[in-house]
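Visitor: sequence plus the predicted model coming up.
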Amino acid sequence: MKFHKNKDLLEKLLFLKAIGYNFIDENFLNLSKYQDYNSIDELNIEIKKCSLCFLRNSSKCVFTGFGDKNSKIMFVSLCKKDDYFEGTSGKILENAINNGLNLEKDSIYISLLLRCEISNSDAKNPALKSSFELCRPYLLEEIRLIKPKIIITLGEEAFMHLYPNLLSKGGFSSIRGSILKDDDRFIMPTFSPEWISKNPSFEENFIDDLKKIKGVI
């Protein structure tokens, strides 16, 4: 399956819209540095001061990506919930990285689509959909800076929010575990550790999915 090749302009426009631009002059688009950050640290400063959506009013924390910034592997989660990276879900993810990739968790890079923590009431708020749209350009810029060779999306929602128009007619189950081509990188949609914690019989499938990427990194 081949992704659309000419996404750069769209991604830049989405980013500009997200940080507040309402009108963009055609000549402005030709400036090479108008959206680009020179480093992940610069991008994280922007993320931490973001106040584009309602979540910033209630969130106690703003989350940035973490791990090896030189890794060829990037995991993308939908958002951080409770003990996602430290508790049960974190242990499931760490075990899958150890057994599926023969790597330690801190040797790969992990990021999120949504940077603010969300409460149960936030999760039911219709405005949450726009929060994902406003946050998504930060991840696109992070991908540009990290330059991963493969992106592993954790769960159906993470895949849908990152690539909203690319779910096949067969649904998520038809592409889960597949290695998809996206210009100069690969994408693999797989289970989220949170889902595995509720459906432990699929943990071996999760590990097997990760084993497949050894041939492309």
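Guide: Noted; the coordinates are in hand. Numbering: from 1, shown residues only.
Visitor: which element follows the longest helix along the chain toward the C-terminus?
Guide: Determined from DSSP state H, the single longest helix within the chain is helix 128-146. Using DSSP states H and E, the next helix or strand after helix 128-146 towards the C-terminus is strand 150-154.
Visitor: now find how far off-centre that next one is within its chain.
Guide: Centroid displacement of strand 150-154 relative to its chain, using C-alpha atoms, centre = their mean, to the nearest Å, is 7 Å.
Visitor: pLDDT (mean, whole number) over the longest helix of the chain?
Guide: The average of the pLDDT scores along helix 128-146 is 88.
Visitor: and what of stretch 56-66?
Guide: On average, stretch 56-66 scores 84.
Visitor: buried residues of that stretch, list them for me.
Guide: By 16 or more other C-beta atoms under 10 Å, the buried positions in stretch 56-66 come out as 59, 62-65. In this view, the C-beta of every residue, glycine as well, is placed from N, C-alpha and C.
Visitor: one more: stretch 138-145?
Guide: Within stretch 138-145, the residues that count as buried by 16+ other C-beta under 10 Å are 138-143, 145.
Visitor: ok, the residues you listed vs Phe186, which is closest?
Guide: Ile143 (12.4 Å; C-beta to C-beta).
Visitor: any stretches of this structure with poor pLDDT?
Guide: Filtered on pLDDT under 70, the chain yields the residue ranges 1-36, 81-85, 164-170.
Visitor: strands of that one, start to end?
Guide: Listed in chain order, the strands of the chain (DSSP state E) span 66-67, 73-77, 109-112, 150-154, 180-182, 185-190.
Visitor: just checking, what packs against the fifth one?
Guide: So that's strand 180-182. strand 185-190 (3 or more C-beta pairs under 8 Å, 6 or more residues apart in numbering; DSSP states H and E).
Visitor: including distance to Glu42, could the strands of the chain go into JSON lines?
Guide: Converted to JSON lines, the strands of the chain look like this (distance: least, C-beta to C-beta, whole Å):
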{"stretch": "strand 66-67", "distance to Glu42": "16"}
{"stretch": "strand 73-77", "distance to Glu42": "18"}
{"stretch": "strand 109-112", "distance to Glu42": "15"}
{"stretch": "strand 150-154", "distance to Glu42": "21"}
{"stretch": "strand 180-182", "distance to Glu42": "25"}
{"stretch": "strand 185-190", "distance to Glu42": "22"}
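Visitor: quick check, central residue of this structure?
Guide: Centroid-nearest residue in the chain: Val76, 3.3 Å away (criterion: C-alpha atoms, centre = their mean).
Visitor: that one bridge partners, please.
Guide: Counting by DSSP bridges, Val76 is bridged to Ser111, Thr153.
Visitor: surely it and Ile151 touch.
Guide: Yes: the pair Val76 / Ile151 is scored as a contact, 5.9 Å apart, by C-beta atoms under 8 Å.
Visitor: now for the two: what residues contact both?
Guide: Leu162 (C-beta atoms under 8 Å, 6 or more residues apart in numbering).
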